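In: here you go, sequence then predicted model.
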Amino acid sequence: MTETLTVRDNRTGQEYEVPIVDGAIKAADLGKIREGDDAPGLAVYDPGFTNTASCRSAVTYIDGDKGILEYRGYPIEQLAEKSNFLEVAYLLVHGELPTKEQYDSWVHEITYHTFVHENIKEFMQGFRYDAHPMGMLMASVGALSTFYPDAGEIGDAENRHMQIVRMIAKMPTLGAWSFRHAQGKPFVYPDNDLGYTANFMSMLFKMSEQKYVADERLVKALDVLFILHADHEQNCSANAVRSVGSSQVDPYSAVAAGVGALYGPLHGGANEAVLRMLKRIGSKDKIPAFIEGVKNGDERLMGFGHRVYKNYDPRAKIIKKACDDVFEVTGVNPLLEIAQELEKIALEDEYFVKRKLYPNVDFYSGLIYEAFQFPPEMFTVLFAIGRTPGWLAQWNELVQDKEQKIARPKQIYIGARGLDFTPASERWS
Ligand code: SDX
């Protein structure tokens, strides 16, 4: 059996042999199919890229039907249980697990790059008191590109490494300072004696005490959440990072675009939207009415559904377990009962079953974040900190991929053509 597609263009009666490689055909091969010599070649129309591969990648593998997620070939369940976030970040960026020397050097570099230029502090203090932390994070990540003008030298591997280290190191500082600004509290500087996630918690919650000591169980739970959010192949924000990165701009500007995409309620903003949805439902007896609203299209069941997973999101299973560990420390979040009942009803209801809508990564994560005393507007900042190594791994792969070009899709033009312009003086007289 030959790995080709035989396409017959019924407009011309011509047949074309289109090679199938890795389960895909090249859109450029369809471009050779024309109605006449000077007619445009066939294009592929695919809003939201629901069935379009934009790149070859070795970073993350997902099987949506089987609910499989692997980072560089390692199952997410094993990484969440046995690894830690900085080791997973190394794996994503470098493509393999680190030796002890590599790991120690990686941790040292990141630990000693957590500070940001003092001007960033003044920059962040310029936001309104009620500025959304994701807007602050997006702006401050983009602003970092002005502090490292050499970051545009993306062809230099050492330079790319330096910017990758800086961004992974500084994201928690920027995220914590966005939180402190919104709380009207003084910014807390990084404490290099602490591990990555413990240091993040210190910058978030330290007040007048000499040293902030986080509960180890909470540090572990947050570290696992960062691992679960670390990458997810060509999701909306990774696509934004790649698209902006394809112009060969510096990685800070590309990641700022990723933060912007993640901000949306259909993507990373869903964890915040889930909490607001659960609070709006308020009690278990209100769930049937809410479900009816979803079926009528008046509501969306936030935290459910996924472009790829048509089965339970493997991350949601792990997060659900992490809930128990966190609630052991903080006490059970009363909204958990509503979430569990909502999940139970949805998983049995034909509307959701038919559409293969299952809980995704955002359905339970918000319950944990709220148990940490984070306000809902901080949830997506936590998602962004976790996703940073994934964005950078995708960007690093893009800039070294010889097949990649600047992202510039086609369109199907449906507007007016060939109009004669009448100057305003005649139009309005
Ligand atoms: C993330 O891509 C990634 O990998 C993302 C992510 C990552 O790690 O980067 O996994 C993180 O973004 C998770 C998703 C978080 N978003 C939400 O929880 C928001 C609620 N879910 C959706 O809006 C929706 O499910 C999407 C955006 C996640 C996926 O949308 P698709 O693939 O474009 O599917 P669709 O909107 O075309 O929906 C198909 C059908 C539609 O019904 P019909 O028009 O066929 O009648 O399912 C319905 C939709 O109306 N539907 C929902 C629904 N999600 C889809 N109906 C009710 N509630 C929902 N949540």
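Out: Cool, got the structure. Numbering: from 1, shown residues only.
In: contacts, neighbours, all on C-alpha from now
Out: Will do.
In: the ligand contacts on the stretch 301-429 of the chain?
Out: Contact residues (Cα under 6 Å from any ligand atom) of the stretch 301-429 of the chain with the ligand: 301-307, 355, 360-362.
In: domain boundaries for the protein, per the record?
Out: Domain assignment for the chain by automatic domain parsing gives 1-44, 63-398.
In: which of those domains sits closest to residue 50?
Out: When the domains of the chain are compared by Cα to Cα, domain 63-398 sits nearest residue 50, at 7.8 Å.
In: where is the longest helix in this protein?
Out: Longest helix in the chain, counting residues (DSSP state H): helix 157-183.
In: which parts of it are buried?
Out: 160, 163-182 (16 or more other Cα atoms under 10 Å).
In: on that earlier part again, out of the residues of the stretch 301-429 of the chain next to the ligand, which is most surrounded?
Out: In terms of neighbours by other Cα atoms under 10 Å, these top out with residue 303 at 30 neighbours.
In: quick one: secondary structure of the one residue in the stretch 151-300 of the chain that gets nearest to the ligand?
Out: Closest approach between the stretch 151-300 of the chain and the ligand, counting by Cα to the nearest ligand atom: residue 267, at 3.2 Å. Secondary structure for residue 267, judged by DSSP: H, G, I helix; E, B strand; the rest coil, is coil.
In: and it, what is it in contact with?
Out: 236, 261 (Cα atoms under 8 Å, 6 or more residues apart in numbering).
In: can you check the pLDDT for it?
Out: pLDDT, residue 267: 92.
In: backbone phi and psi for it, please?
Out: Residue 267 adopts backbone torsions of phi -120, psi -120, taken as degrees, to the nearest 10.
In: look up the closest residue to residue 30, ignoring the ones flanking it.
Out: Distance criterion Cα to Cα, 6 or more residues apart in numbering; nearest residue to residue 30, sequence neighbours excluded, is residue 42 at 5.5 Å.
In: look up how far the ligand lies from that neighbour.
Out: For residue 42, the distance to the ligand equals 25 Å [Cα to the nearest ligand atom, to the nearest Å].
In: ok, that residue - contacts?
Out: Each residue near residue 42 by Cα under 8 Å, 6+ apart is listed here: 30-34.
In: quickly check those residues for the two that are furthest apart.
Out: Maximum pairwise distance in the contacts of residue 42, criterion Cα to Cα, is 8.8 Å, between 30 and 34.
In: joint contacts of the two?
Out: By Cα under 8 Å, 6+ apart, the residues touching both residue 30 and residue 34 are 41-42.
In: about what we covered before: distance from the longest helix of the chain to the middle of the chain?
Out: When distances are taken as Cα atoms, centre = their mean, to the nearest Å, helix 157-183 is centred 16 Å away from the chain's centroid.
In: for stretch 284-293, same thing?
Out: Stretch 284-293 has its C-alpha centroid displaced from the chain centroid by 30 Å (Cα atoms, centre = their mean).
In: do stretch 4-21 as well
Out: With Cα atoms, centre = their mean as the basis, the mean position of stretch 4-21 lies at 38 Å from the chain mean.
In: in that stretch, what's buried?
Out: Residues of stretch 4-21 classed as buried by neighbour count (16+ other Cα under 10 Å): 18-19.
In: my guess is residue 203 contacts residue 187. True?
Out: Yes. In terms of Cα atoms under 8 Å, residue 203 counts as a neighbour of residue 187; the distance is 7.3 Å.
In: who's the closest spatial neighbour of residue 390, skipping the chain neighbours?
Out: Counting by Cα to Cα, 6+ apart, residue 390 lies nearest to residue 231, which is 4.3 Å off, once chain neighbours are set aside.
In: and for residue 149, the neighbour number?
Out: By other Cα under 10 Å, 10 other residues sit near residue 149.
In: start at 13 instead
Out: Fine by me, first position is 13 from now on; the one you just mentioned is residue 161.
In: separation between it and residue 289?
Out: For residue 161, the distance to residue 289 equals 43 Å [Cα to Cα, to the nearest Å].
In: also residue 124?
Out: The gap separating residue 124 from residue 289 is 40 Å, by Cα to Cα.
In: can you list the weak-confidence ranges in this protein?
Out: Along the chain, the parts satisfying pLDDT under 70 run over 13.
In: overlap of the contact sets of residue 215 and residue 199?
Out: With Cα under 8 Å, 6+ apart, residue 215 and residue 199 have common neighbours 188-189.
In: more neighbours, those two?
Out: Regarding residue 215 and residue 199, a neighbour count based on other Cα under 10 Å identifies residue 215 as having more, with 25 against 21.
In: buried set for the helix or strand hosting the more buried one?
Out: Residue 215 is located in helix 208-217, with elements delineated by DSSP states H and E. Of all the residues in helix 208-217, those buried under the rule 16+ other Cα under 10 Å are 208-217.
In: quick one: residues in contact with it.
Out: Residues from elsewhere that reach helix 208-217 (Cα under 8 Å, 6+ apart): 98, 123, 184-185, 188-189, 191-192, 199-204, 224-226, 231, 234-235.
In: what is the end-to-end distance of stretch 120-133?
Out: 24 Å.
In: should've said stretch 289-298
Out: So stretch 289-298: terminal residues 12 Å apart, Cα to Cα.
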